[in-house]
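Asker: what would the 3D arrangement of this be:
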Amino acid sequence: MGQGGYIVVCNATPYNWHRTYQHSYQMNAWNFPDNIPAYTSARVYVEFDEGVGKHPGDDAGDAHYEIVHEAPFKQFRFAVKFRDLLVRFPDFPVESPPGKIIPRGSEVDLGWRHDNSVVFVLFGEIDKLRLIRY
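Answerer: Down below sits the predicted model:
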């Protein structure tokens with residue numbers, strides 16, 4: 001048993017998201033849905049394994065999604081490393097209002113709230129996606 005919390009993933013785009021990859025190491029819970037349809041959200045429980053003989057710095061997970069639209073699809077990735085939730089944007093830049101551009105290839109720290117939730121919202125059109133986190 002270890003620290004647990006939620007990430008609320010909000011797809012506020014007109015595109016479906018399809019999970020293409022998921023992996024975790026030393027996590028009790030890291031199970032993202034296969035698909036997150038347009039204009040829906042998912043609540044994902046995350047729990048770190050803090051048992052005897054476990055090193056908390058080894059906790060890690062990845063979940064990759066592609067935004068389904070006309071090819072080539074664009075991908076983004078959720079990651080966790082020792083109580084640090086991140087989202088990475090290898091294929092496209094995003095705007096984080098008000099007006100801050102997060103360049104392609106960057107990552108954004110979502111934070112961590114034990115026994116609570118962090119929220120990730122992606123919205124807009126494919127050529128101008130925006131991010132809100134709280």
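Asker: what is the end-to-end distance of stretch 16-32?
Answerer: 14 Å (C-alpha to C-alpha, to the nearest Å).
Asker: what ranges does the chain have for its strands?
Answerer: With strands called from DSSP state E, the chain shows them at 4-12, 16-25, 27-30, 35-36, 40-48, 60-68, 74-81, 85-89, 94-96, 100-102, 106-111, 117-125, 128-133.
Asker: mind putting those into CSV with distance to Lys54?
Answerer: For the C-beta atoms, the positions are set from N, CA and C on the backbone; glycine is no exception. As requested, the strands of the chain are arranged in CSV below (distance: least, C-beta to C-beta, whole Å):
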stretch, distance to Lys54
strand 4-12, 15
strand 16-25, 11
strand 27-30, 10
strand 35-36, 30
strand 40-48, 9
strand 60-68, 12
strand 74-81, 14
strand 85-89, 19
strand 94-96, 34
strand 100-102, 33
strand 106-111, 22
strand 117-125, 23
strand 128-133, 28
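Asker: got JSON lines for those, with mean pLDDT and mean neighbour count too?
Answerer: Output for the strands of the chain, formatted as JSON lines (pLDDT from 0 to 100; neighbours: other C-beta atoms under 10 Å):
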{"stretch": "strand 4-12", "mean pLDDT": "97", "mean neighbour count": "19"}
{"stretch": "strand 16-25", "mean pLDDT": "97", "mean neighbour count": "16"}
{"stretch": "strand 27-30", "mean pLDDT": "93", "mean neighbour count": "18"}
{"stretch": "strand 35-36", "mean pLDDT": "98", "mean neighbour count": "18"}
{"stretch": "strand 40-48", "mean pLDDT": "96", "mean neighbour count": "18"}
{"stretch": "strand 60-68", "mean pLDDT": "96", "mean neighbour count": "20"}
{"stretch": "strand 74-81", "mean pLDDT": "94", "mean neighbour count": "19"}
{"stretch": "strand 85-89", "mean pLDDT": "95", "mean neighbour count": "19"}
{"stretch": "strand 94-96", "mean pLDDT": "94", "mean neighbour count": "16"}
{"stretch": "strand 100-102", "mean pLDDT": "94", "mean neighbour count": "12"}
{"stretch": "strand 106-111", "mean pLDDT": "94", "mean neighbour count": "15"}
{"stretch": "strand 117-125", "mean pLDDT": "96", "mean neighbour count": "17"}
{"stretch": "strand 128-133", "mean pLDDT": "94", "mean neighbour count": "16"}
